[in-house]
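>>> Give me coordinates for this.
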Amino acid sequence: QVQLQESGPGLVKPSQTLSLACTVSGGSLTGDSSYWNWIRQPPGKGLAWIGAIAYTGRLFYSPSLKSRATISRDTSKNQFTLQLNSVTPEDTAVYYCARADASGYGYWGQGTQVTVSS
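Below is the predicted model of the structure:
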């Protein structure tokens, strides 16, 4: 059973960098043709895909966030991370990490609230 757990600060000041980590258990970041995703949901809005790192290490980003987002991984910790720089209050959202494969998004973290405010 794959489990994902997001971690990071719940409050970030405008113009600073949001940094989140997703720790994976029960699965490998480099196996099973898997894609490890970051997704967010702003208040009152739908889910928005931020980007992903593939089992090969290849990176994918939403065009709207590509200039500010960086996804990386640490296979020794079985962890992947998201950094989003120059945040504004519009980046306030619940942030999720999720695993996807050919069958879809099968595993999700519980989500973590991030608020951008001074």
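
>>> And the contacts of stretch 18-26?
1-9, 12, 36, 38, 77-85, 87, 91, 95, 97, 99, 109, 112, 114, 116 (C-beta atoms under 8 Å, 6 or more residues apart in numbering). C-beta here means a position set from N, CA and C on the backbone, and glycine is covered the same way.

>>> The residue nearest to residue 91 when sequence neighbours are not counted: how many residues sit nearby?
Computed as C-beta to C-beta, 6 or more residues apart in numbering, the closest residue to residue 91 that is not its neighbour in sequence is residue 116, at 5.0 Å. Residues lying near residue 116 (other C-beta atoms under 10 Å) number 19.

>>> looking at the sheet around residue 116, what are its partners?
residue 12 (DSSP bridges).

>>> What about the contacts of stretch 18-26, which are in strands?
Members of the contacts of stretch 18-26 lying in strands (criterion: DSSP state E): 3-7, 12, 36, 38, 79-84, 95, 97, 99, 112, 114, 116.

>>> helices and strands of the chain: which one bottoms out on pLDDT?
Here the helix or strand of the chain ranked lowest by mean pLDDT, DSSP states H and E is strand 104-108, holding a mean of 94.

>>> before we move on, back to that, for ChimeraX, write a command that selects the buried ones of the contacts of stretch 18-26.
With 16 or more other C-beta atoms under 10 Å as the burial test, the buried ones among those are selected in ChimeraX as follows:
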select :4,6,8,12,36,38,78,79,80,81,82,84,87,91,95,97,99,109,112,114,116
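
>>> Run a quick neighbour tally on residue 29.
Residue 29: 21 neighbours (other C-beta under 10 Å).

>>> Surely it is in a strand?
No: under DSSP: H, G, I helix; E, B strand; the rest coil, residue 29 sits outside any strand and is assigned coil.

>>> Next one: it from residue 115, what distance?
Computed with C-beta to C-beta, to the nearest Å, the distance linking residue 29 and residue 115 is 28 Å.

>>> Same check on residue 70?
Taking C-beta to C-beta, one finds residue 70 at 21 Å from residue 115.

>>> Residue 92 contacts residue 45, doesn't it?
No: if you go by C-beta atoms under 8 Å, residue 92 and residue 45 don't touch, sitting 10.6 Å apart.
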